[in-house]
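Novice: can't give you the sequence, but here's the structure:
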């Protein structure tokens with residue numbers, strides 16, 4: 001059985017950051033999957049479902065309305081382990097190239113005011129499981145502690 005690429009990363013050494021998880025051919029194009037790791041695996045408490053769900057709604061709204069990237073966004077959603085998100089973008093990108101986009105998204109999420117987009121019974125299958133204050137807190141924490149002071153080890157998987 002073929003081993004899943006993300007299972008080959010040593011999660012005991014993985015830091016918070018933005019990492020290229022994989023690059024897949026789609027015809028003559030490339031799809032780049034990013035690992036947006038907000039929590040150090042197995043060393044920090046994970047994100048609770050309410051804030052990660054809220055961040056999913058906010059992040060997807062931001063990305064799909066971005067003036068430069070809207071047409072390139074394939075997917076944005078939480079990791080099952082609740083330590084971060086996956087972002088799939090149409091194109092061949094590096095972590096450094098998407099850093100401004102990710103930073104802008106976390107600024108948007110950390111300062112968002114109003115009703116969470118798509119958070120009604122008509123639009124969402126679990127609309128009551130939202131926590132905007134905690135989503136803003138976690139977004140600001142990642143923005144301030146990682147994105148604004150990014151280092152090489154936060155942009156490349158450990159060897």
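Specialist: All right, it came through fine. Predicted model, so just to flag it, every value in this text is computed and none were measured. Residues are numbered from 1 along each chain as shown.

Novice: how far away is residue 20 from residue 92?
Specialist: 10 Å (C-beta to C-beta, to the nearest Å). Heads up, the C-betas are built off the backbone N, CA and C, glycines and all.

Novice: need the overlap of contacts for the two.
Specialist: Between them, residue 20 and residue 92 share the neighbouring residues residue 32, with contact defined by C-beta atoms under 8 Å, 6 or more residues apart in numbering.

Novice: who's more crowded, those two?
Specialist: residue 20 (19 against 12; other C-beta atoms under 10 Å).

Novice: SS state for that one?
Specialist: Here residue 20 is strand, with the state taken from DSSP: H, G, I helix; E, B strand; the rest coil.

Novice: wait, doesn't it sit right on residue 97?
Specialist: No. Counting by C-beta atoms under 8 Å, residue 20 stays clear of residue 97, with 9.9 Å between them.

Novice: could I get the full set of strands for the protein?
Specialist: In the chain, the segments counted as strands under DSSP state E are 17-26, 29-37, 73-78, 84-90.

Novice: what mean pLDDT does the third one have?
Specialist: In this case it means strand 73-78. Mean pLDDT, computed over strand 73-78, is 98.

Novice: hmm, who's touching it?
Specialist: Here strand 73-78 makes contact (C-beta under 8 Å, 6+ apart) with 31, 47, 52-53, 55-56, 59-60, 63-64, 66, 84-90.

Novice: pull out the buried positions in that strand.
Specialist: The neighbour-count check on strand 73-78 (16 or more other C-beta atoms under 10 Å) flags 73, 76, 78 as buried.
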